[in-house]
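[1] sharing a model prediction with you, sequence too.
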Amino acid sequence: MSDEITGRDHYILAQALILGINAIDGTPIERRQSSNRDDMMRLLLAMYPGQADWQIIANGVGVDVPAVDLPEDEQMREAKPKLRLVWERPEPSSE
């Protein structure tokens with residue numbers, strides 16, 4: 001059983017992210033929410049790291065492919081692994 005709801009969840013979410021990024025890009029600079037745009041770009045890069053599919057996705061909603069303007073080290077090739085915390089029990093004192 002798949003965790004997807006529609007069978008094409010990633011594609012629909014990628015379209016929504018591309019539309020959102022383009023909407024933010026069209027907002028006047030003084031009202032632009034750059035941190036939201038950057039986070040949307042990070043999500044899109046995590047879903048489609050190679051960017052090759054972006055043109056097909058953007059064409060599906062009739063918009064341009066957004067420019068990736070994150071720092072080079074943030075243009076990840078794959079999704080970042082989830083953080084895993086490990087708790088270690090302290091050694092009993094010998095006093």
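    Ah, there it is.

[2] and the helix or strand of the chain with the lowest mean pLDDT, what does it pack onto?
    Lowest by mean pLDDT, DSSP states H and E among the helices and strands of the chain is helix 54-61, with a mean of 80. On a contact count with 3 or more CB pairs under 8 Å, 6 or more residues apart in numbering; DSSP states H and E, helix 54-61 meets helix 9-25. For glycine as for every other residue, the C-beta is placed from the backbone atoms N, C-alpha and C.

[3] now with 10 Å?
    helix 9-25, helix 34-47 (3 or more CB pairs under 10 Å, 6 or more residues apart in numbering; DSSP states H and E).

[4] so for G62, which of those sits nearest?
    Closest of those to G62 is helix 9-25, at 9.5 Å (criterion: CB to CB).

[5] what count of nearby residues applies to P66?
    By other CB atoms under 10 Å, 20 other residues sit near P66.

[6] that one in helix, strand or coil?
    coil (DSSP: H, G, I helix; E, B strand; the rest coil).
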